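In: The following comprises the amino acid sequence and a computationally predicted model.
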Amino acid sequence: MEERSLSNQAPFETEIAQLLVTTLNLKAEPVDISPLDPLFGEGLGLDSIDALEIALVIHQHYGYKLRSDDPDNATIFSSLRSLCEAIQKNRTK
Amino acid sequence: MTHSPFLGPYPPHSPVAWYQGTPMFSNHVLSHISSVCALLPSKPYVINLCQDRYTFLVGLAAALCRNHTTLLPPNLSPGILQELLSQYPACYYMTDSQEHVESLEGITLNLDTKPDHTPMENPHFSDSHVAVIAFTSGTTGTPRPNPKTWGSMVQIAKKTGERLELSKNDSVTIVATVPHQHMYGLETSIMLPLQHGWGIHSGRPFFPEDIASVLHEQQARRILVSTPIHLRACVMAQSRFPDVAYTLSATAPLPKQLAQQVETVFHTTMVEIYGFAEAGTIATRRPVQEDRWTVLRELALVSHADGYAVSTPYFSDPVPIPDTIQSANSQQFTLEGRPGHLINIGGHRASLDDLNVKLLSIDGVVDGVFYMPEEREGSVTRLVAFVVAPGRTVESLLATLRQKISPVFLPRPLYLVEALPRNHTGKLVKEDAETLMRAQSNLPTTPNESISP
């Protein structure tokens, strides 16, 4: 069983939540990002420019290049947890 | 009354578009248009919501065949839709998805990659017909209509294409990262290729890696239609891009340094486009070579009220230019920014746009913006700047800025931040700037005390 924080984030989810907050200068605290809430539209309210920024930092930190024609794409960006799973699966560093 | 054709000079083996990976030649397109034409209700206005670029253009052509006018709202929020329907009650919509608009008649387009309808002749439309009404969000919140005649759209496409040195025999495909439901996207990713016989990639690649792979798939010479935001992401992503003959950018000022990087990364000629809602594209420039914009052929700058207007063969009256420009002659000008962006500090005037471009041109500056805080009584209000520049110090940035701008405009203070809270249009709105400034001011060390111009 993975260790979970108070907000039910797995450690890697906390790491990515921190990255999102700093990259996008969100007013939220990383622990406040619920792992299953949508990142775009409702939920965190991110938009397409944020998506570009996220793609850049994920590439810089983990060597994973996001693509929008990835069939799993709708899933990848659906929540913090699915984004983290995609990074874990595809990371090269 | 003059008429202009929908399809330009496509050689028999040159596809008009790549739709779901399949080439669509003229006869396919004309077959699709003919089949969609038969489906349309008898109402004069249509909202074309099709996300696929090819399906959108078939819908646009079919509507034109029926003398309908396509409405392009800035978005489909309930408020905008209600406003639109009160102005244009005889209206329907077309879509290529499951999207459903409440209380509006709609048709869904599912184009088959093997159309079987008998192709129609290449349709010619009256140049005076209002083909499209593009709406901009007005200052009061009510969308403001900008009617576009078919003739004006054709002329702009032809004249813009003249700026790209491509021969008639070149096989060319246009790939666009911008939506076709806005004027810049419609003009450059649909009208421009249609009028010149160039191919259209029907998708909308978004991430740098998507853009790279879509460009790689194209066998013909490539044109990339994009924005400074996407181009910056591409340059930073270090993806491998194939050679692109021309890259077009609009929607926000393109810093010269970014233009240079784009030319290097894509082995391309970077052409920046200047236009505005009322007139569409009016001028182009190549930022790495020139600061001046040159208006399209047969256009001319004329004095108008306090500023300038542009006269064209396709609008009956000169159209006022909303930005402040300095004209060098009737064909060339430099852009000084929007009047709302003009600032005056102690009698010195400058444009925030211009200052921002200078800030962004500094080595190591990833993002940055000047901001004029709310006026406070008792002291002259100074500019502040929020700058994202990992690895650079406030002092060194100010030293560089001091060489580029008048001391009176040096930011007091310059805040080094991790990122800017830009909104969905890429702008930093006043409220967020004020919040950012308050947050930064509360930090224990403020770097402004020792800094004076």
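Out: Perfect, I can see it now. Residues are numbered from 1 along each chain as shown, chains lettered A, B, ... in the order given.

In: can you map out the strands along the stretch 51-200 of chain B?
Out: All strands of the stretch 51-200 of chain B, identified by DSSP state E, counting those that start in this stretch, fall at B:69-72, B:91-95, B:105-108, B:124-126, B:130-137, B:143-149, B:172-176, B:199-201.

In: which residues are in contact with the first one?
Out: Contacting residues not belonging to strand B:69-72 are listed as B:44-48, B:59-60, B:63, B:84, B:88, B:91, B:129-135, B:181-183, B:186 [Cβ atoms under 8 Å, 6 or more residues apart in numbering or on different chains]. C-beta coordinates here come from the backbone N, C-alpha and C atoms, glycine included.

In: Sheet-wise, list the partners of that strand with their directions.
Out: According to DSSP bridges, strand B:69-72 forms sheet pairs with strand B:45-48 (parallel), strand B:130-137 (parallel).

In: so can I have TSV of these showing mean neighbour count?
Out: Listed next are the strands paired with strand B:69-72 as TSV, based on neighbours: other Cβ atoms under 10 Å in any protein chain shown:
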stretch	mean neighbour count
strand B:45-48	23
strand B:130-137	20
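
In: Including mean pLDDT, could the strands of the stretch 51-200 of chain B go into a markdown table?
Out: As requested, these are arranged in a markdown table below (pLDDT from 0 to 100):
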| stretch | mean pLDDT |
| --- | --- |
| strand B:69-72 | 96 |
| strand B:91-95 | 96 |
| strand B:105-108 | 95 |
| strand B:124-126 | 98 |
| strand B:130-137 | 88 |
| strand B:143-149 | 91 |
| strand B:172-176 | 96 |
| strand B:199-201 | 97 |
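
In: and the ones you listed as TSV, adding distance to residue B:341?
Out: Output for the strands of the stretch 51-200 of chain B, formatted as TSV (distance: least, Cβ to Cβ, whole Å):
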stretch	distance to residue B:341
strand B:69-72	26
strand B:91-95	36
strand B:105-108	40
strand B:124-126	38
strand B:130-137	17
strand B:143-149	20
strand B:172-176	28
strand B:199-201	35
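
In: between those, which gets nearest to residue B:79?
Out: strand B:143-149 (9.3 Å; Cβ to Cβ).

In: As PDB, could you dump the C-alpha coordinates of that closest one?
Out: Below are the C-alpha coordinates for strand B:143-149, written out as PDB (Å, rounded to 0.1, in the frame of the first residue of the first chain):
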ATOM      1  CA  PRO B 143     -20.400  40.800 -29.100                       C
ATOM      2  CA  ARG B 144     -19.600  43.300 -31.900                       C
ATOM      3  CA  PRO B 145     -20.300  42.100 -35.500                       C
ATOM      4  CA  ASN B 146     -17.600  42.400 -38.200                       C
ATOM      5  CA  PRO B 147     -19.200  41.500 -41.500                       C
ATOM      6  CA  LYS B 148     -16.900  40.000 -44.200                       C
ATOM      7  CA  THR B 149     -17.900  39.900 -47.800                       C
END
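
In: which residues are contacting that strand?
Out: B:73-74, B:80, B:83-84, B:87, B:127-138, B:183, B:277-278, B:280, B:314.

In: can you give me the helices for chain A?
Out: Assigned by DSSP state H, the helices in chain A fall at A:11-24, A:48-62, A:73-76, A:80-90.

In: can you give me the mean pLDDT across the second one?
Out: Spelled out, it's helix A:48-62. Helix A:48-62 shows a mean pLDDT of 83.

In: which helices and strands sit right next to that helix?
Out: Helix A:48-62 is packed against helix A:11-24, helix A:80-90, helix B:208-217, helix B:228-237, with contacts defined by 3 or more Cβ pairs under 8 Å, 6 or more residues apart in numbering or on different chains; DSSP states H and E.

In: Adding mean neighbour count as columns, could you present the helices of chain A in CSV?
Out: What follows is the helices of chain A, written out as CSV (neighbours: other Cβ under 10 Å):
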stretch, mean neighbour count
helix A:11-24, 19
helix A:48-62, 19
helix A:73-76, 15
helix A:80-90, 18
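
In: of the ones you listed, which approaches residue B:190 most closely?
Out: helix A:48-62 (20.4 Å).

In: Please list the residues outside that closest one that contact it.
Out: By Cβ under 8 Å, 6+ apart, helix A:48-62 touches A:19-20, A:23-24, A:40, A:46, A:64-66, A:77, A:83, A:87, A:90-93, B:206-209, B:229-230, B:233, B:236-237, B:419, B:422, B:424, B:426.

In: Now which of those would you call buried?
Out: Among the contacts of helix A:48-62, those classed as buried by 16 or more other Cβ atoms under 10 Å in any protein chain shown are A:19-20, A:23-24, A:46, A:64-66, A:77, A:83, A:87, B:206-209, B:229-230, B:233, B:236-237, B:419, B:422.

In: Make TSV out of the helices and strands packed on helix A:48-62 and add distance to residue B:391 and mean pLDDT.
Out: TSV is the format used below for the helices and strands packed on helix A:48-62 (distance: least, Cβ to Cβ, whole Å; pLDDT from 0 to 100):
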stretch	distance to residue B:391	mean pLDDT
helix A:11-24	16	88
helix A:80-90	25	92
helix B:208-217	22	94
helix B:228-237	15	88
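
In: For the closest residue to residue B:60 other than its chain neighbours, grab the count of nearby residues.
Out: Counting by Cβ to Cβ, 6 or more residues apart in numbering or on different chains, residue B:60 lies nearest to residue B:70, which is 5.7 Å off, once chain neighbours are set aside. Applying other Cβ atoms under 10 Å in any protein chain shown, we find 22 residues neighbouring residue B:70.

In: Same check on residue B:150?
Out: Neighbour tally, residue B:150, other Cβ under 10 Å: 23.

In: hang on, isn't it packed against residue B:123?
Out: No - with contact defined as Cβ atoms under 8 Å, residue B:150 does not count as touching residue B:123 (10.6 Å).

In: which residues do the two both contact?
Out: Joint contacts of residue B:150 and residue B:123 (Cβ under 8 Å, 6+ apart) are residue B:64.

In: Now for residue B:398, which secondary structure element holds it?
Out: Taking DSSP states H and E as the definition, residue B:398 sits inside helix B:394-404.

In: Give me the next element, helix or strand, following that helix.
Out: Downstream of helix B:394-404 (by DSSP H and E), the next one is strand B:414-416.

In: now for that next one, which elements pack on it?
Out: strand B:384-388, helix B:394-404, helix B:430-441.

In: cutoff 7 Å now
Out: Judged by 3 or more Cβ pairs under 7 Å, 6 or more residues apart in numbering or on different chains; DSSP states H and E, the packing partners of strand B:414-416 are strand B:384-388, helix B:394-404.

In: Mind checking these for the one nearest to residue B:295?
Out: helix B:394-404 (28.2 Å).

In: Pull the distance from that closest one to the chain's centre.
Out: Its chain's average C-alpha position is 32 Å from that of helix B:394-404, according to Cα atoms, centre = their mean, to the nearest Å.

In: what does stretch B:63-75 give?
Out: 19 Å.

In: residues of it that come out buried?
Out: Within stretch B:63-75, the residues that count as buried by 16+ other Cβ under 10 Å are B:63-65, B:68-73.

In: Identify the farthest-apart pair in the residues you listed.
Out: B:65 and B:73 (22.4 Å).

In: ok, back up a step: of the helices and strands packed on helix A:48-62, which is nearest residue B:7?
Out: Comparing the helices and strands packed on helix A:48-62 by Cβ to Cβ, helix B:208-217 comes nearest, at 23.1 Å.
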